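A.B. asks: Here's a sequence, model it:
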Amino acid sequence: MTDMTMSTPGEATLSQAARKFGVMEMPELEYTEELAKEMAPLYERVSSVIPSVEWPFCAPYIKAINDLKKKRKAVVLAHNYQTPEIFHCVADIVGDSLQLAKEASNVDADIIVQCGVHFMAETSKLLNPEKTVLIPDQGAGCSLAESITGADVRLLREKYPGVPIVTYVNTTAEVKAECDICCTSSNAVQVVESFGAPRVLCIPDEYLAKYVATKTDVEIIAWKGHCEVHERFTAEELRAYRKSDPAIKIIAHPECPPDVLAEADFTGSTSGMIDWVQTKRPPKVVMVTECSMSDNVAVETPGVEFVRPCNLCPHMKKITLPKILDSLLFLQDEVTVDPNTAIRARQAVERMINLNN
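C.D. replies: Numbers count the residues shown, from 1 in each chain. The predicted structure follows:
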């Protein structure tokens, strides 16, 4: 029999942590023949997007995380932009930031591990105040969320008295607390029009605000915040794809610049883009958004060829299997929100959730 044992650094530290936090038995982080057989069905599912050379590293962590989740009574939330080994192999709930937070509030779990960026973990905490919310890397930030502060919103209130303020969920709890209501890219038009007001501030994403302005008669006042992933796409780039294959379909996220959206066959939120691909099943498609989402959708849509522009979010990519395992072992890093801020921020999120009611 071939010896397939592969040692992984840090096993002693992990074992000490396991004893400290009362885990009965921590599996060895080794890729053995036995583990390979056990994990084979899972790898078969993701083999098209995870190279075989990477699987011996991933598999022991996936096994350890899934075992430890049960012992911790924890759930793992993974955003659509997480890598396939996280999205398909350890996540219990997947989706966009709001889907994740809403679903987490309905699960029987004590601990939520948020595999996404920090504002997403804050939103999960807002909607699940009694649960422990962990993020595997506190440094997983967001250029869009960092583009505006609570103080900025207060100044906007002074400049535009009486004008409703809608904030994208891609903001901190501090910013949400200063706004009237939240929105997502999928419901932004509905939220803006819900006020029945002639003018509405739509912050902080300038490009989302401009997109909303094309879909409503409400005057939209924007803030100049941008997503560092989506703002890198160009119309010239998309025209080059069409030139290479006129039959190719291009779908884009509304955080992209207007000239990029003008080249797209469909514009929608991450969930909207996924639904479009799964429903239309185009032979070849470009998803103009964070690159890992194409990998995740490809697993569930065999027969569709994905052309990947591959703009990666550096913050999302800070979340890794080893960090998720450490998060569960050490119960780190816990995300908290100031109680006074949380009350007001939760109201803004819940107003959006309850909008149809």
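A.B. asks: what about stretch 187-206, average pLDDT?
C.D. replies: Stretch 187-206 comes out with an average pLDDT of 97.
A.B. asks: and it, which residues are buried?
C.D. replies: Neighbour counts over stretch 187-206 (16 or more other CB atoms under 10 Å) mark 187-192, 194-195, 200-206 as buried. Just so you know, the C-beta spots here come from the backbone N, C-alpha and C atoms, and that holds for glycine as well.
A.B. asks: Nearest to residue 258, out of the residues you listed: which one, please.
C.D. replies: Distance to residue 258, by CB to CB, is smallest for residue 206 among these, at 9.6 Å.
A.B. asks: In contact with that closest one: list those residues for me.
C.D. replies: Contacts of residue 206 were listed using CB atoms under 8 Å, 6 or more residues apart in numbering, and they are 222, 223, 224, 225, 226.
A.B. asks: does the second one really touch residue 148, like I thought?
C.D. replies: I take that to be residue 223. Yes. Counting by CB atoms under 8 Å, residue 148 is a contact partner of residue 223 at 5.9 Å.
A.B. asks: hey, what's in contact with both of these two?
C.D. replies: With CB under 8 Å, 6+ apart, residue 223 and residue 148 have common neighbours 203, 204.
A.B. asks: just to revisit the earlier point, might you specify the subset of the buried residues of stretch 187-206 located within strands?
C.D. replies: In strands, defined here by DSSP state E, the members of the buried residues of stretch 187-206 are 200, 201, 202, 203.
A.B. asks: Using TSV, please lay out those together with distance to residue 48.
C.D. replies: Below are those laid out as TSV (distance: CB to CB, whole Å):
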residue	distance to residue 48
200	43
201	44
202	39
203	39
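A.B. asks: in this structure, which spans are strands?
C.D. replies: Secondary structure of the chain (DSSP E): strands located at 74-79, 93-95, 111-115, 132-134, 165-168, 181-183, 199-203, 219-222, 249-252, 266-267, 284-288, 305-307.
A.B. asks: tell me the most buried of those?
C.D. replies: Mean neighbour counts were taken over these using mean count of other CB atoms under 10 Å, and the top value, a mean of 27, falls to strand 111-115.
A.B. asks: That strand versus strand 74-79: what angle between them?
C.D. replies: Strand 111-115 runs at 20 degrees relative to strand 74-79, counting by axes from the mean of the first three to the mean of the last three CA atoms, to 10 degrees.
A.B. asks: Just the C-alphas of strand 111-115, formatted as PDB.
C.D. replies: Taking C-alpha atoms only, strand 111-115 is exported to PDB below (Å, rounded to 0.1, in the frame of the first residue of the first chain):
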ATOM      1  CA  ILE A 111     -22.000  29.800  17.400                       C
ATOM      2  CA  ILE A 112     -22.000  31.500  13.900                       C
ATOM      3  CA  VAL A 113     -18.700  31.500  12.000                       C
ATOM      4  CA  GLN A 114     -19.000  34.200   9.300                       C
ATOM      5  CA  CYS A 115     -16.900  33.400   6.300                       C
END
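A.B. asks: so what are the domain limits for this structure?
C.D. replies: 11-140+316-330, 145-227, 230-307 (automatic domain parsing).
A.B. asks: Let me know which of those is the nearest to residue 341.
C.D. replies: The nearest among the domains of the chain, by CB to CB, is domain 145-227 at 4.8 Å.
A.B. asks: Next, the contact list for residue 110, please.
C.D. replies: 72, 73, 74, 131, 132.
A.B. asks: From those, pick the one nearest residue 168.
C.D. replies: Of all those, residue 168 sits closest to residue 131, with 24.0 Å by CB to CB.
A.B. asks: quick one, longest helix in this protein?
C.D. replies: helix 55-72 (DSSP state H).
A.B. asks: From the contact counts, what lies against that one?
C.D. replies: Applying 3 or more CB pairs under 8 Å, 6 or more residues apart in numbering; DSSP states H and E, we find helix 55-72 packed against helix 33-46, strand 74-79, helix 321-330.
A.B. asks: how about a markdown table for these, with mean pLDDT and distance to residue 96 added?
C.D. replies: Shown next, in a markdown table, are these (pLDDT from 0 to 100; distance: least, CB to CB, whole Å):
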| stretch | mean pLDDT | distance to residue 96 |
| --- | --- | --- |
| helix 33-46 | 96 | 21 |
| strand 74-79 | 96 | 7 |
| helix 321-330 | 95 | 19 |
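A.B. asks: Quickly compare these and say which is most buried.
C.D. replies: strand 74-79 comes out most buried of those by mean count of other CB under 10 Å, with a mean of 25.
A.B. asks: With only the CA atoms kept, save it in PDB.
C.D. replies: The C-alpha trace of strand 74-79 is given here as PDB (Å, rounded to 0.1, in the frame of the first residue of the first chain):
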ATOM      1  CA  ALA A  74     -21.900  25.900  15.400                       C
ATOM      2  CA  VAL A  75     -22.900  26.800  11.800                       C
ATOM      3  CA  VAL A  76     -20.600  28.200   9.100                       C
ATOM      4  CA  LEU A  77     -21.900  30.900   6.900                       C
ATOM      5  CA  ALA A  78     -20.200  31.400   3.500                       C
ATOM      6  CA  HIS A  79     -20.700  34.300   1.200                       C
END
